[in-house]
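Undergrad: compute the structure for the input listed below.
(chains A, B, C, D, E, F, G and H, ligands or ions: 10)
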Amino acid sequence: MPKGMLIIDKERCKGCGLCIVACPHQVLAFSGELNRSGYNVVHMERPEACVGCGFCALTCPDVAIEVYRERVPA
Amino acid sequence: MPKGMLIIDKERCKGCGLCIVACPHQVLAFSGELNRSGYNVVHMERPEACVGCGFCALTCPDVAIEVYRERVPA
Amino acid sequence: MPVSTEKMVKVFGRPASLTEARFTYCPGCHHGILTRIIAQIIDELGIVERTVGIAPVGCAVFAYLWYRCDAIQASHGRASAVATGVKRANPNLIVFAYQGDGDFASIGTAESIHAANRGENITVIFVNNQVYGMTGGEMAPTSLVGQKTTTTPDGRDPALFGYPIRFSEMIAQLDAPVYVTRQALYDTKRIVDATKAINKAFTNQLEGKGYSLVEVLATCPTNWRMKPTEANKHVAEVVTKVFPLGDLIDRG
Amino acid sequence: MPVSTEKMVKVFGRPASLTEARFTYCPGCHHGILTRIIAQIIDELGIVERTVGIAPVGCAVFAYLWYRCDAIQASHGRASAVATGVKRANPNLIVFAYQGDGDFASIGTAESIHAANRGENITVIFVNNQVYGMTGGEMAPTSLVGQKTTTTPDGRDPALFGYPIRFSEMIAQLDAPVYVTRQALYDTKRIVDATKAINKAFTNQLEGKGYSLVEVLATCPTNWRMKPTEANKHVAEVVTKVFPLGDLIDRG
Amino acid sequence: MECSVIIAGFGGQGVILAGKILAQAGMDHGLEVTWLPSYGPEMRGGTANCTVVLSDEPVGSPIVDDPSALIAMNLPSLDKFESTVAKGGTIVVNSSLIDRAVKRGDAQVASLQLNELAEKVGSMRAINMVALGAYVKATKILPLDTVKGAMARMLKKGGKGEFVTINEQALEEGYNAV
Amino acid sequence: MECSVIIAGFGGQGVILAGKILAQAGMDHGLEVTWLPSYGPEMRGGTANCTVVLSDEPVGSPIVDDPSALIAMNLPSLDKFESTVAKGGTIVVNSSLIDRAVKRGDAQVASLQLNELAEKVGSMRAINMVALGAYVKATKILPLDTVKGAMARMLKKGGKGEFVTINEQALEEGYNAV
Amino acid sequence: MGERMLLRGNEVIAEAAIRAGCQCYFAYPITPQAELLEHMAKNMPRLGRTFIQAESEIAAISMVYGAASVGVRTMTSSSSPGISLKQEGISYLAGSNLPAVIVNIVRGGPGLGDIAPAQCDYFQATKGGGHGDYHMIVLAPSTVPEAGELTMLAFDLADQYRTPVMILADGMLGQMMEPVELPEPIDVASLPAKEWATTGAKGRDPNVILSFDLDPEVLKKMNLALQKRYRQIEAKEVRYEEAATEDADILIAAYGTVARIAKSVVRMASAEGIKLGLFRPITLWPFPYQPLKELADRVKTVLTVEMSAGQMWEDVRLAVAERANTPFYGEMGGVVPTPRRILSEVRKHAS
Amino acid sequence: MGERMLLRGNEVIAEAAIRAGCQCYFAYPITPQAELLEHMAKNMPRLGRTFIQAESEIAAISMVYGAASVGVRTMTSSSSPGISLKQEGISYLAGSNLPAVIVNIVRGGPGLGDIAPAQCDYFQATKGGGHGDYHMIVLAPSTVPEAGELTMLAFDLADQYRTPVMILADGMLGQMMEPVELPEPIDVASLPAKEWATTGAKGRDPNVILSFDLDPEVLKKMNLALQKRYRQIEAKEVRYEEAATEDADILIAAYGTVARIAKSVVRMASAEGIKLGLFRPITLWPFPYQPLKELADRVKTVLTVEMSAGQMWEDVRLAVAERANTPFYGEMGGVVPTPRRILSEVRKHAS
Ligand SMILES: Cc1ncc(C[n+]2csc(CCOP(=O)(O)OP(=O)(O)O)c2C)c(N)n1
Ligand SMILES: Cc1ncc(C[n+]2csc(CCOP(=O)(O)OP(=O)(O)O)c2C)c(N)n1
Ligand code: SF4
Ligand code: SF4
Ligand code: SF4
Ligand code: SF4
Ligand code: SF4
Ligand code: SF4
Ligand SMILES: [Mg+2]
Ligand SMILES: [Mg+2]
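TA: Numbers count the residues shown, from 1 in each chain, chains lettered A, B, ... in the order given. Ligands and ions are numbered 1, 2, ... in the order given. Here you go, the predicted structure:
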């Protein structure tokens, strides 16, 4: 199981690509899928590499990304 | 004969007294005479002491003073 | 995909102070990042119920739509004066003005400087994207020498139009401001730094310290005619040369 | 008494560029000294036939009456913008704007800063008397801390009204200006220095060098409620502590 | 005779330019024309549109209650304008992005895969010319050559002469697809 | 009954205050009053003046075509206002500064050396009260005591209580000089 | 009612504002209203209220916009050129439904003009000097006591209708003194709460103050709501005064300072046997069209007298609609028409 | 006449200004007139003329004041809120007798409003949004070609009467394209010299540009001179268009964009047998009162149609003076009345 996981709100994503560059683990890429506004939205191309660091979400201008991380045993 | 001499335009003088203070040789003083605007105008109290340095005129906010100086032989 | 987050903890989500409204900004525009940061700090400080945001005229004109706090839309350039009116009328409110470079540093020059000079206890966010975004890409007072805009089609010629104005440096000449800083958003580190700076700017106000100004170097991919990623690079490599990052005053 | 000057030479007379009109200033007001200095420099440079003076709103509103050059009376605070219009329309003209501290540094803040930032090839004389003379003695942005004015009857309280603004220091932050200096008129030496500074500010323009600003610390005996001589002393001993004299920029 | 068309789509689909070219072509053809765009920041990201009126007498209103045609490049555009089209009018629909049918029964509909046709020509940016070609064919409002000429002149004037050929192909592609 | 007076002089001669005191006294006396000053920078250095109207019915115009009295503290004031005074009106002239006679034959003239009288009281600044005293005597418009009372109250309110006595003397000096 | 005091118009307006509960006052100096600032500078801080000498008239009106948004009573004042600078701000106040009081102590214009009394800003005040379809309630006092009364009324009307209200006076009214009895200060705590104000979104949805919507249909609705309110104001708030109108042949239509001068003229005319009446609008907007129209049916002539080139005259003619002659006499540049001068105009029309 | 080109209203106004010899243009960006700045930014420097993007609308109008003082042809442009900010400057231009051209591409108001076309700045333009007794000549083009013609005319009228002249258009006219043939550029050298301009006091007494005199009697004289000029303009420069008025029962009174839309309505109405005419003021100030009054004698109804709450309507009613019915139909907030909507209003009054 990957350490991190994202929920990307497709309708918020504007396909700017900033998250793709911000991700230190090359997790993200354009999906080729257009949303209702006509934007090419991103998806997790390599979900297994995600560490849940949240860089992508910090960078996203449209607050389209929620980040989840492995529960660390208390 | 004094080295310097002034022509003071009484109707321009507003009796501010700045020239009196500016004069390094205590030449000037209030005359006690009021002009048409009601100002107490200055005059040369000690004309003999004037060196024609022009400090008074430089200082006069109402350009009321003309300064003349001894002709220096060419 | 939600299934797979079942056993995970949410480490980053939409700040509670943000409404559900979608931003009207162009793809990749830094206005969005900044909006999120401000909301997050309103969350962190727990002040959403006493905050009043002043929306400018500019691409951020819709700012009143994004936050769950009260908001006022100010006339162009006068956000700092409006903020003054609000804060003086009710000092318990936390007031922030959000202003573009045209708004803050051109038409609003007098209001910006004199609010700072009075040391109004407010927080001003000054978004320097070196262009008039809203109106379609005209020169801003901060536009770089040589920058092509719709009103400088051959590039900004300093002989005709002067130099990019370093407004924060001018404000830093004043006695009253407690905090004046310049930040950027072109990578994660700058985003984290900017977040801290904005937190401080709000905290100063909460503590009654006085006027704080956070200038933020931002992109306008649309009017710069760059891809968002190129625009980020441009800020990092070119813009920061003219507008160096860092604190100019910190009397906190 | 003319008799006694018969054999003498006139070493100081009314500058030719001054009209015969009497100044409307109060007794001892520095506006008068400054007006004479400017006329003298117009004489010295021989430019009266190509000079256009911009009169402000303020005690110097009548400036159009004093000089034998063309003149324009500008709306309050906008003299630098009007000067810009004149100079751009006809660059052969020598244009100077004469502005009070309320005019230049309060309502005119934006126009003052942006004319400087564009590096307009004009000469600006900025008369800092720390008060609104014309309107009866209200606080100016330059009023000193504690100074009593009609709008600060208990003295300027920086917590409410901020600090005296050092506007020339702000202008000096800009890249375009060639000459920014602060002068005074409280004694003969300062008058001579100020005269040189103003000469330079006009000469810069004649040589096409760009924007020059001469700030002049002046008195307002009437509204300061001081005798003219006391007012001079106040400038020398108190005002210059807040507004230090000297050149801030000289890129000439 | 007065014809009017609303061309509407996403910001990037070139609807504004398509309208300009149509207006220019109308003018070249000796008609009176007006061209009216949606404008301002609302265009940003969202939908853009323009209205072109062609007439053989001076154009009264440049906005029209009931356009004689609609080119809908995306779904929001069809949703917004479908009902306004005059009875018997023409609707060009980009079925690549619009997955519903036109509801009205009283209009002449040309449903085309504009995205695919543009890709076929080799440039998604030429999608507007595909649409314009289809419209011209469907309405017979102007000779295609006049439109081609107007397009070529406008692109050249804007320093984009190198795209003339591909846009000609796009116009033809659309024209032939109807 | 409506009486009006213009009080005019140099900026420093206290004409504005004299008018205020007169208006206050009129009010204390139960009359309707208006007081209207010249204002703004024109006062600076130049001449200042104010107009006071006292009436037993509501005052219509606070500016008057033909004042029933004039107090001229200097020459420019006499020059400016002499001709406006109503027939049979009163003119108080400060002959210390005015070396010409009043030209009109149809007015009651009180020509006094106001400067000297003020000096006699011991304060040039009280010259306005000397003038006011003379005016009150010449016109009998109000009892002198009412004016004194108004003066005392106004000075005290302005924090200048220490000058009440000297100003009372000045009022009397003027009153008695007519 | 308090003590009868001799006060300047400017002071009375300032003091009345304070007694009406004005919490925040922002202004920039200008003659002939300097005493208004002075009074506020002296008294507001002592009451724990806000006085700011703003950096400009634009800053002042913008501060008013902020303070009004928060729901407090707020005011600014200026004179002609300064009021011109506030036009954008006034339009914003109107568009955002904000209550505020704006005082214009009018001086001679146009441009820098002079500082003498004038009425040449009537159009600006009543028709909307700013952009867009808006109105302000415009109150025109004629005496110093009335300046106080109308100032207090202005705050009430502003709150009631959520609209900017202007006091339109002139340099003479601002500078002159008359005896006044000022009413007791109101109890600010008793004023109705403003649910719409931006006082912090605690326990409610956020409040937003704005005059903006990019969708013309929405902006139209906002405008229709404004217009509806204007119709209510027109129906309920028209104020005017009549004097000696019962059997008048001639009517003077005048407001403010000129109207008070005209009252002397009515008396003078009556002494000459001329049946002269006076119609004095107190609200310049809404203008008393209907009452004037009715009067116009009964007189031969409505002579408008103004210190302007004939601005209210247009409204008079609109009301009269050729029912009577509508001559005009005006002074300009700060010249005040004297009673005698007005009388001689009246005589021209007394047949 | 040059080539027939397809151009936007904004571009045509800019280009016409250039061809009219505009030497200096100063403006601040605002939608919907951005293309005007763009055209000037691109073309003025290449012609060796002055383009400055000013720091604000106030700076821009002040620069215009400076350039006009020097005697060159000069222009600024903006849209509603920006024009409000220029009111003090416009009043100064008028008071100082300076020729200048000001373009207002009106948008929905009040306040920030929106950017859609509107006519809600009519009062501001025609009655004087600034302080003081002044007027501007206000020209209202109805089509893109006319926008060009009237812009060129504006410069001539400004110089002839030494007055600011406003082009009052709206967002639709600014944004739309129509075919235009622009006239050839004028020969700037052929324009009459301006003896009064501040070009340097060489061989003459100093020239002074001002709107100021502290003496009311002098300021009155300055005002009387202005008013005299206004009477001349009213006598000579009234411009309007009539369409199908000969045997009309109903008249639409409309200007600008609405008037061109109304032309379609005239045709539509005629098809229905309604005798509808159109009266289109081209000069909004001076307003064509007299011709409209004469027409009003011949029709039953004058229906004013505006994109406002009824601003020109006041002038229409002033002209008509109850000679005919004067109903009103207006849209607000940037909504443009469509031909069909206007027609349905017309039908209400066609008996
Ligand atoms: C008084 C006024 N002038 C001009 C405008 C037009 N306008 C809207 S936004 C804007 C400038 C926007 O630039 P900036 O402040 O830099 O904000 P950005 O859009 O770049 O974020 C202008 C000039 C206006 N609305 N009001
Ligand atoms: C728009 C406008 N606002 C205000 C005024 C009133 N006013 C005249 S002069 C002045 C300020 C004068 O102060 P300053 O510029 O310092 O000049 P000073 O008289 O001290 O030389 C003001 C506020 C005005 N004429 N126009
Ligand atoms: S959380 Fe970190 S690792 Fe995961 S996608 Fe985002 S940036 Fe990449
Ligand atoms: S940063 Fe946000 S908007 Fe941009 S591509 Fe990634 S998810 Fe989409
Ligand atoms: S010239 Fe010099 S010495 Fe003579 S009076 Fe003047 S200051 Fe004194
Ligand atoms: S400085 Fe000038 S004005 Fe002052 S007292 Fe001397 S001569 Fe008179
Ligand atoms: S125009 Fe520029 S600043 Fe405005 S939203 Fe788009 S990218 Fe952002
Ligand atoms: S008021 Fe002050 S600044 Fe003005 S003239 Fe008098 S002394 Fe000089
Ligand atoms: Mg910007
Ligand atoms: Mg000053």
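
Undergrad: quick check: bridge partners of the residue nearest to residue G:244 when sequence neighbours are not counted?
TA: Nearest non-adjacent residue to residue G:244, counting by Cβ to Cβ, 6 or more residues apart in numbering or on different chains: residue G:277, 4.5 Å away. Every C-beta, even on glycine, is put in place using the N, C-alpha and C of the backbone. Here residue G:277 sits in beta bridges with residue G:251, as judged by DSSP bridges.

Undergrad: so who does residue G:277 touch?
TA: For residue G:277, the contact set (Cβ atoms under 8 Å, 6 or more residues apart in numbering or on different chains) comprises G:242-246, G:248, G:250-252, G:266, G:295, G:299.

Undergrad: let me know the secondary structure of whichever residue of chain A sits closest to chain E.
TA: When scored by Cβ to the nearest Cβ, chain A has residue A:38 as its residue closest to chain E, at 4.4 Å. Here residue A:38 takes the coil state, with states given by DSSP: H, G, I helix; E, B strand; the rest coil.

Undergrad: beta partners of the residue nearest to it when sequence neighbours are not counted?
TA: On the basis of Cβ to Cβ, 6+ apart, the spatially nearest residue to residue A:38 that is not a chain neighbour turns out to be residue E:10, at 4.4 Å. Beta bridges link residue E:10 to residue E:47 when assigned by DSSP bridges.

Undergrad: I figured residue E:10 hits residue E:49, correct?
TA: No - the pair formed by residue E:10 and residue E:49 falls short of the contact definition of Cβ atoms under 8 Å, at 10.4 Å.

Undergrad: tell me how far residue E:6 lies from residue H:179.
TA: 20 Å (Cβ to Cβ, to the nearest Å).

Undergrad: kindly report the same for residue C:100.
TA: 38 Å.

Undergrad: follow-up on the earlier one: between residue E:6 and residue H:179, which has more neighbouring residues?
TA: residue E:6 (26 against 19; other Cβ atoms under 10 Å in any protein chain shown).

Undergrad: what strand or helix carries that one?
TA: strand E:2-10 (DSSP states H and E).

Undergrad: mind saving the C-alpha coords of that strand as CSV?
TA: This file holds the C-alpha atoms of strand E:2-10, laid out as CSV (Å, rounded to 0.1, in the frame of the first residue of the first chain):
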residue,chain,number,x,y,z
GLU,E,2,-30.7,39.7,-42.6
CYS,E,3,-28.9,36.7,-41.3
SER,E,4,-27.4,36.4,-37.8
VAL,E,5,-25.3,33.8,-36.1
ILE,E,6,-24.1,33.2,-32.6
ILE,E,7,-20.8,31.4,-32.4
ALA,E,8,-20.1,30.1,-29.0
GLY,E,9,-17.7,27.8,-27.2
PHE,E,10,-14.8,27.6,-24.7
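
Undergrad: any figure for the gap between residue C:180 and ligand 6?
TA: Distance, residue C:180 to ligand 6, by Cβ to the nearest ligand atom, to the nearest Å: 45 Å.

Undergrad: residue C:164 too?
TA: Taking Cβ to the nearest ligand atom, one finds residue C:164 at 47 Å from ligand 6.

Undergrad: ditto for residue E:127
TA: 82 Å.

Undergrad: mind telling me what element that residue is part of?
TA: helix E:127-139.

Undergrad: and the very next helix or strand once past that helix, how far out from the chain middle?
TA: With elements assigned by DSSP H and E, the helix or strand that comes after helix E:127-139 is helix E:144-157. Centroid separation for helix E:144-157 versus its chain: 14 Å, with Cα atoms, centre = their mean, to the nearest Å.

Undergrad: chain center to the helix holding residue E:127, what's the gap?
TA: With Cα atoms, centre = their mean, you get 6 Å for helix E:127-139.

Undergrad: and stretch C:44-54, by the same measure?
TA: Relative to its chain's centre, stretch C:44-54 lies at 16 Å (Cα atoms, centre = their mean).

Undergrad: before we move on, what about stretch G:159-177?
TA: The answer for stretch G:159-177 is 4 Å, by Cα atoms, centre = their mean.

Undergrad: again with stretch G:80-97
TA: Distance, centroid of stretch G:80-97 to centroid of chain: 14 Å (Cα atoms, centre = their mean).

Undergrad: got it, and stretch A:41-48?
TA: 6 Å.

Undergrad: can you report phi and psi for the closest residue to chain H within chain E?
TA: For chain E, the residue closest to chain H is residue E:60, as judged by Cβ to the nearest Cβ, at 2.8 Å. When read as degrees, to the nearest 10, the backbone of residue E:60 gives phi -80, psi -90.

Undergrad: which stretches of chain A form strands?
TA: A:4-8, A:28-34, A:40-44, A:65-70 (DSSP state E).

Undergrad: what sits up against the second one?
TA: Right, strand A:28-34. A:10, A:15, A:17, A:19-20, A:40-45, A:56, E:97.

Undergrad: ok, now which ones touch residue C:224?
TA: C:130-131, C:231, C:234.

Undergrad: which residue packs closest to the residue in the stretch 51-200 of chain G that chain D sits nearest to, ignoring adjacent ones?
TA: Across the stretch 51-200 of chain G, no residue is closer to chain D than residue G:56, which sits at 4.1 Å (Cβ to the nearest Cβ). Nearest in space to residue G:56, with sequence neighbours left out and distances taken as Cβ to Cβ, 6+ apart, is residue D:107 at 4.1 Å.

Undergrad: how close does residue G:235 sit to residue G:315?
TA: In terms of Cβ to Cβ, residue G:235 sits 17 Å off from residue G:315.

Undergrad: for residue C:177, that is, sorry about that
TA: In terms of Cβ to Cβ, residue C:177 sits 50 Å off from residue G:315.

Undergrad: ok, now residue C:185?
TA: For residue C:185 relative to residue G:315 (Cβ to Cβ), the value is 56 Å.

Undergrad: tell me which element residue G:261 is part of?
TA: helix G:256-271.

Undergrad: packing partners for that helix?
TA: When contacts are defined as 3 or more Cβ pairs under 8 Å, 6 or more residues apart in numbering or on different chains; DSSP states H and E, helix G:256-271 packs onto strand G:164-170, helix G:171-175, strand G:240-243, strand G:250-253, strand G:276-281, strand G:301-306, helix G:339-349.

Undergrad: quick check: the residue of chain G nearest chain A.
TA: Closest point on chain G to chain A, by Cβ to the nearest Cβ, is residue G:214, at 17.0 Å.

Undergrad: skipping adjacent residues, who's closest to that residue in space?
TA: residue H:114 (5.1 Å).

Undergrad: quick one: residue G:274 and residue G:348 touch, right?
TA: No - counting by Cβ under 8 Å, residue G:274 does not reach residue G:348; the two are 10.9 Å apart.

Undergrad: the more surrounded of those two?
TA: residue G:274 (18 against 12).
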